[in-house]
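> build me a model from this:
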Amino acid sequence: MEETPRASSQDHTSPGEPRHRQPILHQVKSWPHLFEATLSGAKTHDMRRAVDRDYRVDDILCLQEFEPKTGHYTGRELNVRITYITSAEFPCALSGDGLHEDYCILSIKKVAGEN
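Just a heads-up that it's a prediction; the model follows:
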């Protein structure tokens, strides 16, 4: 498979960090209704805090279903790949004004072989 070039706006880096790095796995909580919507394919994005993780295109999110009512994980997991990142730093038409700088919207796609 040929690697497609990525726009520099998708290479989120902190000062002093190398511009490119290998994709990494982020383990994150996903509430049941959001987990189900992603599992079914209806939900193809995820809004996350951008200040506590270095999300980049091609990173994998391991969505771990978490039940907030009980405060426990259910044991179900789903891996999705980040395909695009929208943020206040790298905005679309409205995100510069409408998206808080601490958050980002991750476009996601289920990893091949996932249910």
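> show me where this structure has strands.
25-30, 45-49, 60-67, 72-87, 103-110 (DSSP state E).
> could I get the ones you listed as TSV with mean pLDDT and distance to A93?
No exception for glycine: its C-beta is placed from N, CA and C like everyone else's. Formatted as TSV, those follow (pLDDT from 0 to 100; distance: least, C-beta to C-beta, whole Å):
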stretch	mean pLDDT	distance to A93
strand 25-30	98	27
strand 45-49	96	16
strand 60-67	98	25
strand 72-87	96	10
strand 103-110	96	13
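> want to throw those strands into JSON lines with mean neighbour count and distance to T38?
Below are the strands of the chain laid out as JSON lines (neighbours: other C-beta atoms under 10 Å; distance: least, C-beta to C-beta, whole Å):
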{"stretch": "strand 25-30", "mean neighbour count": "15", "distance to T38": "7"}
{"stretch": "strand 45-49", "mean neighbour count": "15", "distance to T38": "7"}
{"stretch": "strand 60-67", "mean neighbour count": "18", "distance to T38": "6"}
{"stretch": "strand 72-87", "mean neighbour count": "17", "distance to T38": "6"}
{"stretch": "strand 103-110", "mean neighbour count": "18", "distance to T38": "7"}
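> need those in CSV (columns: distance to E36).
Shown next, in CSV, are those (distance: least, C-beta to C-beta, whole Å):
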stretch, distance to E36
strand 25-30, 9
strand 45-49, 14
strand 60-67, 9
strand 72-87, 9
strand 103-110, 13
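> do you know which of these lies nearest L39?
strand 72-87 (5.7 Å; C-beta to C-beta).
> against which helices or strands is that closest one packed?
Contact here means 3 or more C-beta pairs under 8 Å, 6 or more residues apart in numbering; DSSP states H and E; on that basis strand 72-87 packs against helix 32-40, strand 60-67, strand 103-110.
> can I get that strand as PDB, trimmed to CA atoms?
Coordinates of each C-alpha in strand 72-87 appear next as PDB, following Å, rounded to 0.1, in the frame of the first residue of the first chain:
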ATOM      1  CA  HIS A  72     -16.600   0.600  35.700                       C
ATOM      2  CA  TYR A  73     -15.300  -0.600  32.400                       C
ATOM      3  CA  THR A  74     -17.500  -3.200  30.600                       C
ATOM      4  CA  GLY A  75     -14.600  -5.000  29.000                       C
ATOM      5  CA  ARG A  76     -15.600  -4.200  25.500                       C
ATOM      6  CA  GLU A  77     -12.900  -2.400  23.300                       C
ATOM      7  CA  LEU A  78     -12.800  -1.100  19.800                       C
ATOM      8  CA  ASN A  79      -9.800   0.100  17.900                       C
ATOM      9  CA  VAL A  80     -10.200   3.000  15.500                       C
ATOM     10  CA  ARG A  81      -7.600   4.900  13.400                       C
ATOM     11  CA  ILE A  82      -7.400   8.700  13.400                       C
ATOM     12  CA  THR A  83      -7.900   9.900   9.800                       C
ATOM     13  CA  TYR A  84      -8.100  13.700  10.300                       C
ATOM     14  CA  ILE A  85      -7.900  16.200  13.100                       C
ATOM     15  CA  THR A  86      -9.900  19.400  13.300                       C
ATOM     16  CA  SER A  87      -9.000  21.900  16.100                       C
END
